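Undergrad: Just a sequence and a predicted model for now, questions to come.
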Amino acid sequence: MTTAALTVYVLMWPALVAVVLFVISRGFFREWAQARRDGRDLI
Amino acid sequence: MGGLETAQFSALVVVGLLVFFYGGTFLLSTRIGKKEENADGYMTAGNNIGFGISAASMTATWIWASSMYASATSGYTYGISGPIHYGLWGALMILFIYPFGKRIRAVAPKAHTLAEVMYARHGRSSQLMLAGSNIVGSLISLMSNFIAGGVLISMLSPFTFTQGVFAVAAGVLLYTLWSGFRASVLTDFVQVVAMLGAVAVIVPFVFVAADFPAAFETGAGNLTAEQGDFFSSTAFMEQGAPYIAAVLAYAIGNQTIAQRLFAVKESLIKPTFLTATVGYGAMVIGVGMLGVLALYLGYEPVGGDVNNIIPGMAAEYLPPVLLAVFFIMIVGALSSTADSDLAALSSIMMADVYGQNVAGKEKANPRTMLLVGRITMVVATAAAVAFASLQLDILDLLVFVGALWGALVFPVLASFYWDKVTGKAFTTSVVTALAVFLPVRFGWIPVDGIFGVVVDVLSVVGIGVVLGLMVFGFFGARAAKIVGVAAVVVSAPFAVGSLHEYATLCGSLVAYSVSTVVCWAMSARRREGFDFALIAQRTGDFDDGDSAVVAGAGAVTPAADGDPEPAGTGTK
């Protein structure tokens, strides 16, 4: 593998982690807001 | 490279970090605590959790301290493909169970544990076999996470290993004890944010601080040809293949996954488990890249112990603030898994032992049930702390237990789809598979003669079973049979005559094949079938208090093992 390919290969995982973190956080806060609007417990 | 020796925190800083983490987590759990907890809520949180919390919880639960250490070790040992061969297959454990989870949830929408469903399907012995294996797995996991906490604290502070173990155990028990599974999944969200956020920052920081990408060229000489090969056969055979064989076994043998399958809103099972698959894979492979970087740098772990690679790299290249973030990341990883293990153990003791076998479904007292759950958590924590002092080789234990779980996979999964599987077939197939697995795994019988060929043939059948079951979940029986047979035909010429040299892999494959063949042979000729509608009647809520739905009034006792009643006729 070239140096450029290795760089992409190593750094793509933390980038993917950041994407998942965004997706999960967005889901959580949407549900939290919805639960507050409905006046019920989140869990 | 004296990073670890020079990067120790003071006692005050470590106490501050632990109080910050466990104190904050405890305060969060008090926000949802109720004076009178609901027994079913304590086990599955009302079967209606949303996507954000459940995806976070599944991700956090599956990521534990050992998975980070092992991924980095794999990268350091096998080179650039090493973390893939650890993290990818671990991630697929989450992915491949979700289609089965949808079926399990359809037949038992209000169950709490897989073993509870086995009781409804077959009776007591199959239930206790599965519950027993779940308990062993969770206790090993709990012990492992306490050990990881003790090692981390003793490595980065003046405190001893034992003091570290006690601190972690007390912290986890503190926030999990009162609200059980509800506290576990809510705090998982905060823990997963801490873990994922830390990895997203720490890995790129180390990459730059260690002078990469230039070090890829200057350090290339530190890799063997095999370590530099992305398609390394050594990495696949020694790290990847045994994990592929364990993909379904871990998912079936681990109550923490089943608990989340029953807890998440039924329509959200797929997005939840897909997200957790990507989250787990990216996180664990990402941390494993620290092992690859260490290999390029020619890094020598302290004391030659590969478990010191991650802490050593962190201590070497991170400033104090990020080292504190790293500390919280590891503590978050081990705590999120440990609290899930406690919740899993308590639900097994509540639903399977007390609810189904001691009091009986209709006479179970929800207050007593909650007491059983909390006592279980305290006893399990004490047992795990005691075992932690032995410092056993956890990964060896888990590979062994994972292979044992392999014996359960076909009988458990078939019981949800095939109406002819009986309790007797379930029990006999599992016991027979274990009887064959043990001599293969530990080399009790020499494999250089005819027995070696027998092991190879059984292992090849096991390959077909593993791949067939994986395909079955997504594409059904026809595709599964085609893939299973094709896998046997393709692998046989390469495997027969040589596969028995890989005892760990063969042991696992033999467990799959023997249990499948025996279970199928004992079930195929039966004319009577089981009515799956009975499972929903026999499982369900124990507590008709706040937010619980009363189970079907017609809850009944299953027929004796191996003697299910004909379809549609109810109980005898």
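TA: Ah, there it is. Numbers count the residues shown, from 1 in each chain, chains lettered A, B, ... in the order given.
Undergrad: Where do the strands of chain B begin and end?
TA: Using DSSP state E, no strands are found in chain B.
Undergrad: Would you mind splitting it into its domains for me?
TA: As assigned by automatic domain parsing, chain B contains the domains B:3-409, B:418-531.
Undergrad: For residue B:88, which non-adjacent residue is spatially closest?
TA: Of all residues not flanking residue B:88 in the chain, residue B:281 sits nearest, at 5.9 Å (Cβ to Cβ, 6 or more residues apart in numbering or on different chains). Bear in mind the C-beta positions are built from the backbone N, C-alpha and C, glycine included.
Undergrad: most packed of the domains of chain B?
TA: Across these, averaging neighbours per residue (mean count of other Cβ atoms under 10 Å in any protein chain shown) puts domain B:3-409 on top, at a mean of 22.
Undergrad: Spell out which parts of chain A neighbour chain B.
TA: Contact residues (Cβ under 8 Å from any Cβ of the partner chain) of chain A with chain B: A:1, A:3-4, A:6-7, A:9-11, A:13-18, A:20-21, A:23-32, A:41-43.
Undergrad: Could you give me the ChimeraX syntax to select whichever of these are buried?
TA: Provided next is the ChimeraX selection string for whichever of the residues of chain A next to chain B are buried by 16 or more other Cβ atoms under 10 Å in any protein chain shown:
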select /A:6,9,10,11,13,14,16,17,18,20,21,23,24,25,27,28,31,32,42,43
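Undergrad: Enumerate every residue touching residue 20.
TA: Picking chain A for this. Taking Cβ atoms under 8 Å, 6 or more residues apart in numbering or on different chains as the criterion, residue A:20 is in contact with B:59, B:196, B:275, B:278, B:279, B:282, B:283.
Undergrad: look at chain B instead
TA: Applying Cβ under 8 Å, 6+ apart to residue B:20 gives the contacts residue B:328.
Undergrad: Quick one, grab the pLDDT at the nearest residue to residue B:127 once chain neighbours are set aside.
TA: Counting by Cβ to Cβ, 6+ apart, the nearest residue to residue B:127 once its immediate chain neighbours are dropped is residue B:119, at 3.7 Å. Turning to residue B:119, the model gives it a pLDDT of 91.
Undergrad: Does residue B:119 touch residue B:130 like I think?
TA: No. Residue B:119 is beyond contact range of residue B:130, at 9.1 Å (criterion: Cβ atoms under 8 Å).
Undergrad: which parts of the stretch 101-250 of chain B sit against chain A?
TA: Counting by Cβ under 8 Å from any Cβ, the stretch 101-250 of chain B comes close to chain A at B:182, B:185-186, B:189, B:192-193, B:196-197, B:199-201, B:203-204, B:207, B:212-213, B:216-217, B:228, B:230.
Undergrad: Do I have it right that residue B:89 meets residue B:243?
TA: Yes. Using Cβ under 8 Å, residue B:89 makes contact with residue B:243 at a distance of 3.7 Å.
Undergrad: Pull up the per-residue confidence for residue B:478.
TA: On the pLDDT scale, residue B:478 gets 83.
Undergrad: Compute the distance between it and chain A, please.
TA: Distance from residue B:478 to chain A, counting by Cβ to the nearest Cβ, to the nearest Å: 34 Å.
Undergrad: What of residue B:12?
TA: As judged by Cβ to the nearest Cβ, residue B:12 and chain A stand 31 Å apart.
Undergrad: hang on, the earlier thing: please name the residues that touch the residue nearest to residue B:127.
TA: Here residue B:119 is in contact with B:126, B:127, B:352, B:356, B:538, B:558 (criterion: Cβ under 8 Å, 6+ apart).
Undergrad: Can you get me a residue count around the fifth one?
TA: I take that to be residue B:538. Neighbours of residue B:538 under the rule other Cβ atoms under 10 Å in any protein chain shown: 23.
Undergrad: Which residue lies closest in space to it, excluding its sequence neighbours?
TA: Leaving aside its chain neighbours, residue B:538 sits nearest to residue B:120 (3.6 Å; criterion: Cβ to Cβ, 6+ apart).
Undergrad: Hmm, residue B:108 and that neighbour touching each other?
TA: Yes. Using Cβ under 8 Å, residue B:120 makes contact with residue B:108 at a distance of 7.0 Å.
Undergrad: Common neighbours of these two, please.
TA: Common neighbours of residue B:120 and residue B:108 (Cβ under 8 Å, 6+ apart) are B:535, B:539.
Undergrad: quick one, helices of chain A?
TA: Per DSSP state H, chain A carries helices over the ranges A:3-38.
Undergrad: Centre-most residue in it?
TA: Nearest to the mean C-alpha position of chain A, by Cα atoms, centre = their mean, lies residue A:21 at 2.0 Å.
Undergrad: how about the nearest residue to the residue in the stretch 251-400 of chain B that chain A sits nearest to, chain neighbours excluded?
TA: Residue nearest to chain A within the stretch 251-400 of chain B (Cβ to the nearest Cβ): residue B:286, separated by 3.4 Å. Closest residue to residue B:286 apart from its sequence neighbours, by Cβ to Cβ, 6+ apart: residue A:13 at 3.4 Å.
Undergrad: May I have the residues that are in contact with the one you found?
TA: Contact partners of residue A:13, counting by Cβ under 8 Å, 6+ apart, are B:199, B:203, B:282, B:283, B:285, B:286, B:289.
Undergrad: switch to 10 Å and redo it
TA: Applying Cβ atoms under 10 Å, 6 or more residues apart in numbering or on different chains, we find residue A:13 in contact with B:83-84, B:87, B:199-200, B:203-204, B:281-289.
Undergrad: next one: residue B:17
TA: Applying Cβ under 10 Å, 6+ apart, we find residue B:17 in contact with B:9, B:153, B:156, B:157, B:324, B:325, B:327, B:328, B:331.
Undergrad: quick one: which of these sit in helices?
TA: Using DSSP H, the subset of the contacts of residue B:17 located in helices is B:153, B:156, B:324, B:325, B:327, B:328, B:331.
Undergrad: For the closest residue to the fifth one other than its chain neighbours, give me the pLDDT.
TA: To tie it back to what came earlier, the one meant is residue B:327. Nearest non-adjacent residue to residue B:327, counting by Cβ to Cβ, 6+ apart: residue B:17, 5.8 Å away. pLDDT, residue B:17: 94.
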